[in-house]
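J.: Sequence and predicted structure are below.
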Amino acid sequence: MPFANTLDDLLLKRSPLVHAFEQLIVPKSDAEFESMAQISRTLTLQNFGRTMRLFVPLYLSNECINNCSYCGFSRDNPILRVTLSVDEVVAEARQLSQAGFRQILLVAGEHPKFVSRNYLADCVRALASDFSSIAIEVGPMETKDYIPIVEAGAEGLVVYQETYNRGVYAELHTAGPKRDFDWRLDCPERGYEAGFRRIGIGALFGLWRWQDEAIALAAHLEYLFKHCWQAQISVSLPRLRPAVGGFRPLFSMSDRELAQLVCALRISFPQVGIVLSTRERAALRDALAPLGVTMMSAGSHTEPGGYTRQGRERLHRTVRGRIVAPEFENGEDQLAGGQFEISDERSPAEVANVLRHRGFEPVWKDWDQTLSSA
Ligand code: SF4
């Protein structure tokens, strides 16, 4: 039975685990919240020790055939676009490798012409010897299209549902194949079938009531733990950030609510990986780290070529699928458009130092995979 059935029944029927999770995200007194935080810290220590996996996103392309109201890459946004060549991807990755990273997330907009499965497999293959863990975050694909990417060396697949509310999803995804809610919802299982052994899901907080989004996310996690049991499952809790297009959050989620959600997820799913990105500001990331977070990005850029300015001589605009040469205004910074603004702008070394100072061991390399392939 696909997860869609569980999701559509959630109002009427919730598993005992999801019901207990729901009780954890209702408003709490300070004392109740502190007690949750204590349990969450203990469970995180028991399951993950004092480690924090550090990874970095590498944007391959900002071409996209979808219109998602909240995203800077939406096809109708007149941003400068580029798809990096495989050599340019390697040059960007070399810089990240020199900064210490061995875990990388390859990100791209959805555009089958520019971001094909062969292109993705070529990128992964070119990076496989320098990175112990390669994950992709791209438009959903068929199982058969994922297989060559897995065979090239990718082990992780990240796909956020954005919002689990079908009505809100339909309103915000106004054009392109992403309008198909169920196709996206089933993507983790297709990836698992193809051989991905790290699966990441998430919701974009700010599109719907955070509590409802969180309950659906918890139900999805429970489903994936049962159906993709050989994979390590992780969850991301991104909150909306400013982006080209000027979309504003429709619903708020405070810092404390985000912290409570981290604790509720850890208590309900002691073994789930919890990812915190540079969307959040430095001080909040430092405060959330001990509560249950297990993976953090650092030093991120959200534009292709953002680390070493690769691809800048091929920047263009894409109008109705046609590539149009840009006219630059005097002094305009010629950089590809980013997906959204980041908030924590510290370098990877700074983030690692702060983590060490707080008693964590920053983990740059994915030892799980190294040991299992020995
Ligand atoms: S969220 Fe993804 S699919 Fe939507 S416009 Fe941005 S890159 Fe494209």
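T.: Yep, that arrived.
J.: Kindly report the residues of the stretch 1-150 of the chain close to the ligand.
T.: Residues of the stretch 1-150 of the chain lying close to the ligand by Cβ under 6 Å from any ligand atom are Cys64, Asn66, Cys68, Cys71, Phe73, Ser74, Gly109, Glu110. In this view, the C-beta of every residue, glycine as well, is placed from N, C-alpha and C.
J.: Give me the subset of these lying in strands.
T.: Secondary structure from DSSP state E places Cys68 of these in strands.
J.: Name the member of the residues of the stretch 1-150 of the chain next to the ligand with the most neighbours.
T.: Highest neighbour count within those, by other Cβ atoms under 10 Å: Phe73, with 31 neighbours.
J.: Show the contacting residues for it.
T.: By Cβ atoms under 8 Å, 6 or more residues apart in numbering, the contact list for Phe73 reads Asn62, Glu63, Cys64, Ile79, Gly109, Gly337, Gln339.
J.: For the ligand, see how far away the fourth one is.
T.: The gap separating Ile79 from the ligand is 11 Å, by Cβ to the nearest ligand atom, to the nearest Å.
J.: Please report how far that residue lies from Glu341.
T.: Look at Ile79 and Glu341: by Cβ to Cβ, to the nearest Å, they are 13 Å apart.
J.: Neighbour count for those two, which is higher?
T.: Ile79 (23 against 14).
J.: Now do the same for the closest residue to that one other than its chain neighbours: helix, strand or coil?
T.: Once flanking residues are discounted, Ile79 sits nearest to Gly337: 2.7 Å by Cβ to Cβ, 6 or more residues apart in numbering. With DSSP: H, G, I helix; E, B strand; the rest coil as the basis, Gly337 sits in coil.
J.: Gly337 against Val244, yeah?
T.: Yes: here Gly337 reaches Val244: they are 6.0 Å apart, a contact under Cβ atoms under 8 Å.
J.: Pick out whichever of the two has more residues nearby.
T.: Neighbours were counted for Gly337 and for Val244 using other Cβ under 10 Å; Gly337 has more, 20 against 17.
J.: Hmm, Gly245 is touching Cys68, no?
T.: No: in terms of Cβ under 8 Å, Gly245 does not count as a neighbour of Cys68; the distance is 9.1 Å.
J.: Now for those two: what residues contact both?
T.: Ser74.
J.: what are the phi and psi values for Asp255?
T.: Phi and psi for Asp255, reported as degrees, to the nearest 10, are phi -60, psi -40.
J.: which residues of this structure fall in helices?
T.: Ranges of helices in the chain, per DSSP state H, are 3-8, 16-24, 30-48, 86-98, 117-127, 143-152, 166-172, 181-185, 187-194, 210-227, 255-268, 282-288, 348-357, 367-372.
J.: How many residues are close by the residue nearest to Glu162 when sequence neighbours are not counted?
T.: Using Cβ to Cβ, 6+ apart and skipping residues adjacent in sequence, the residue nearest Glu162 is Leu204, 4.7 Å away. Leu204 has 23 neighbours, counted by other Cβ under 10 Å.
J.: now Val26
T.: With neighbours defined by other Cβ under 10 Å, the count for Val26 comes to 10.
J.: got the contact list for the nearest residue to it once chain neighbours are set aside?
T.: Leaving out its chain neighbours, the residue that sits closest to Val26 by Cβ to Cβ, 6+ apart is Gln211, at 7.9 Å. Neighbour list for Gln211: Glu22, Ile25, Val26 [criterion: Cβ under 8 Å, 6+ apart].
J.: thinking the first one is in contact with Leu11, fair?
T.: So that's Glu22. No: contact criterion Cβ under 8 Å: Glu22 and Leu11 do not qualify, at 11.8 Å.
J.: Give me the more crowded residue out of those two.
T.: Using other Cβ under 10 Å as the criterion, Glu22 and Leu11 rank with Glu22 on top: 17 against 9.
J.: May I have the predicted confidence score for the residue nearest to the more buried one when sequence neighbours are not counted?
T.: With Cβ to Cβ, 6+ apart as the criterion, Glu22 has its nearest non-adjacent residue at 5.7 Å, and that residue is Ile215. Predicted confidence (pLDDT) for Ile215: 98.
J.: Which residues are in contact with the residue nearest to Phe328 when sequence neighbours are not counted?
T.: Closest residue to Phe328 apart from its sequence neighbours, by Cβ to Cβ, 6+ apart: Gln334 at 6.1 Å. Counting by Cβ under 8 Å, 6+ apart, Gln334 makes contact with Leu80, Arg312, Leu315, Phe328.
J.: and if you look at Glu155?
T.: Neighbours of Glu155 in contact, by Cβ under 8 Å, 6+ apart: Ser133, Ile134, Ala135, Phe196, Arg197, Arg198, Gln369.
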